[in-house]
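Peer 1: Build the 3D model from these lines:
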Amino acid sequence: MSNENDQQIRSSGNVVKGAAIIGIAGVFVKILGAIFKIPLTNWMGSVGISYYTLAYVIYAVLLVLSTAGFPVAISKLVSENNAKGQYLNAKKVLKTSLGMMMFLGGVSAAICYFGANAYANYVENPLAAQAIKSIAPALLFVPLLSSFRGFFQGRQNMNPTAISEIIEQSIRVIVGFALTRILLTRGLPEAAAGASFGASAGSFAAMIFMIIVFVMYRSRLNREILSGSEFVEDTVTIVKKVLAIAIPIIIGAEIIPIMYTIDATVIMKRLVATGWSQDEAKYLYGLMGGYCNSLVNMPEFLIQAIAISIVPAIAHASARKDMEDVDRCITTGYKLTTIIAFPCMIGLLVLCKPILSLLYSAQVEEAMEAIPTFIVMTFSIVTLALYETSTGALQAIGKQVIPLKHVAICAVIKVILTFLFVGIKSVNIVGAAASSVVAYLFAFVLNERAVIKYTGAKMDLMSIYIKPVIASLVMGVCAFGSYKGLEIIIGSKLAVCIAILVGVISYGIMVIAIKVATPEDISEMPKGEKLNGIIRKVIKNW
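Peer 2: Numbers count the residues shown, from 1 in each chain. Sure thing, here's the model as predicted:
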């Protein structure tokens, strides 16, 4: 029994530590992304950023096609093989997957490059074609990169993924910045193309790094192979297993970017149909893409870190038929999700105006016009986060078809509501934001029912939902109150920075005071025991 309990603690601890490693890298990546996206918006305005945003929409569709399900499939299969001591077969899973990724990446890159003009013309934004072509090379490198990431994640080693993400984003920002500034004098389409090419340069650099890491890691892998089982599956069997896991995930993940691609088309056409000119429609779409998406999507990297971490942990426990450990890992994943998502939503909601003014000081008038859309979009932080975590849990237990069905329902709801809401002239682009919130909420509720049904997970409403909400509301009051109190005295820019710091501190205090995170939760974090020791010096009964 003691060994089983130790194994369970290690599994949930791996979830927390894995999420922390990916999360810390994600913080850096997102900061760089904001550093990148915010100046771009200031330099190019909503029209220029619409070209860049459109390139990323079509890129996301094709990227999902070649990568979405494969890292999960590789991670799951590698984790299951390692749990059984089948290290040689785990290595062959990687080798087989790399061949598959090379083929799919080449096809995706060709579609992106040669179809750029047709797509840009179809969505009535023809000048975006250059930006779409510039991002196509990334589709050659990212699939190979994702295969290596999936392999190491399956071994519950998140360091290579984290470092490669930092390299990818750093190169993207450096190259994107340089090309945008150089090409800005030639025009907005050329500048947007330069910004897009940064993604291609970044993915290439990250792929080279991951290859080097794998070569350095090879001797350790060979020692494990010698000590483990000689069992090896034939290539066809591995391909079938990978596809059985990946295809439903790919279809499900593909639905989301396709949904937003359709969304872009519906939004532009509905705005024009309700009396807005084409330039006005571009402007409104640019408000959402330039001023709202980058900030509202910022917490998503932390949620994705949780989803990445729970898949191999749950798969490892499931391979051992340890459903109690599965339950523990799922609960840990959900708690981490709500602890992150709720304060992000409340913080952005109460400080939206000063934050937008601070970040987009060169385009303040446009930023202020984006506030209604921004406010509505903040609620999607929670609904999307819970949907992604519940999807990861279902994928880990081999129920990847179920979230596929649910996200399909989500997509239909999204498109219908976008058509209806955006068609109301007084609502316009805000309607697209509202439809996202509602659609992801439906998908999460359906996922949640399936998670409980197939795992028997006991969802503690108090610890998972109610306590994080209470702590977040207190944080929101403290942050907003400090901002309003300081705004007149020291000015808006400095006041909002202090208000954010007050919010972080007050949330941390509330997390400890009402035990949103327990001593056991914190002990599973990197350096968690030291942190517990510090807390016990302040709170004796901790």
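
Peer 1: can we go C-alpha only for contacts and neighbour counts from here?
Peer 2: Fine.

Peer 1: R181: what's it in contact with?
Peer 2: A191 (C-alpha atoms under 8 Å, 6 or more residues apart in numbering).

Peer 1: let's see 6 Å
Peer 2: With contact set as C-alpha atoms under 6 Å, 6 or more residues apart in numbering, R181 has no partners.

Peer 1: Just the helices from the stretch 201-350 of the chain, written as ranges.
Peer 2: For the stretch 201-350 of the chain, the helices defined by DSSP state H, counting those that start in this stretch occupy 235-273, 278-287, 293-296, 300-319, 323-350.

Peer 1: tell me the most buried of the ones you listed?
Peer 2: Mean neighbours per residue, mean count of other C-alpha atoms under 10 Å, is largest over the helices of the stretch 201-350 of the chain for helix 300-319, with a mean of 26.

Peer 1: and that helix, what does it pack onto?
Peer 2: Packing partners of helix 300-319 (3 or more C-alpha pairs under 6 Å, 6 or more residues apart in numbering; DSSP states H and E): helix 2-67, helix 69-83, helix 380-396.

Peer 1: cutoff 7 Å now
Peer 2: The contact analysis (3 or more C-alpha pairs under 7 Å, 6 or more residues apart in numbering; DSSP states H and E) places helix 300-319 against helix 2-67, helix 69-83, helix 323-350, helix 380-396.

Peer 1: any chance of those helices in TSV, plus distance to K240 and mean pLDDT?
Peer 2: Listed next are the helices and strands packed on helix 300-319 as TSV, based on distance: least, C-alpha to C-alpha, whole Å; pLDDT from 0 to 100:
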stretch	distance to K240	mean pLDDT
helix 2-67	16	69
helix 69-83	11	84
helix 323-350	25	87
helix 380-396	16	89
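
Peer 1: For G194, find the nearest of the ones you listed.
Peer 2: helix 2-67 (9.4 Å; C-alpha to C-alpha).

Peer 1: Name the helix or strand for R181, please.
Peer 2: Assigned by DSSP states H and E, R181 falls within helix 159-183.

Peer 1: List the buried residues of that helix.
Peer 2: 159-177, 179-180, 183 (16 or more other C-alpha atoms under 10 Å).

Peer 1: Could you do stretch 351-368 as well?
Peer 2: Neighbour counts over stretch 351-368 (16+ other C-alpha under 10 Å) mark 351-364, 366-368 as buried.

Peer 1: In a markdown table: the helices of the stretch 201-350 of the chain, plus distance to A195.
Peer 2: Converted to a markdown table, the helices of the stretch 201-350 of the chain look like this (distance: least, C-alpha to C-alpha, whole Å):
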| stretch | distance to A195 |
| --- | --- |
| helix 235-273 | 20 |
| helix 278-287 | 16 |
| helix 293-296 | 15 |
| helix 300-319 | 21 |
| helix 323-350 | 27 |
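
Peer 1: So which of the ones you listed is nearest I402?
Peer 2: Evaluated with C-alpha to C-alpha, those place helix 235-273 nearest to I402, the distance being 8.6 Å.

Peer 1: The closest one to helix 380-396, inter-axis angle?
Peer 2: 160 degrees (axes from the mean of the first three to the mean of the last three C-alpha atoms, to 10 degrees).

Peer 1: now for helix 235-273, which elements pack on it?
Peer 2: Partner elements for helix 235-273 (3+ C-alpha pairs under 7 Å, 6+ apart): helix 2-67, helix 69-83, helix 278-287, helix 401-422.

Peer 1: where's that helix relative to the chain centroid, distance-wise?
Peer 2: Here the centre of helix 235-273 is set off from its chain's centre by 15 Å, with C-alpha atoms, centre = their mean, to the nearest Å.

Peer 1: what inclination does that helix have with respect to helix 278-287?
Peer 2: 130 degrees.

Peer 1: Excluding chain neighbours, give the residue nearest to L139 in space.
Peer 2: Residue nearest to L139 in three dimensions, not counting chain neighbours: A109, with 5.0 Å by C-alpha to C-alpha, 6 or more residues apart in numbering.
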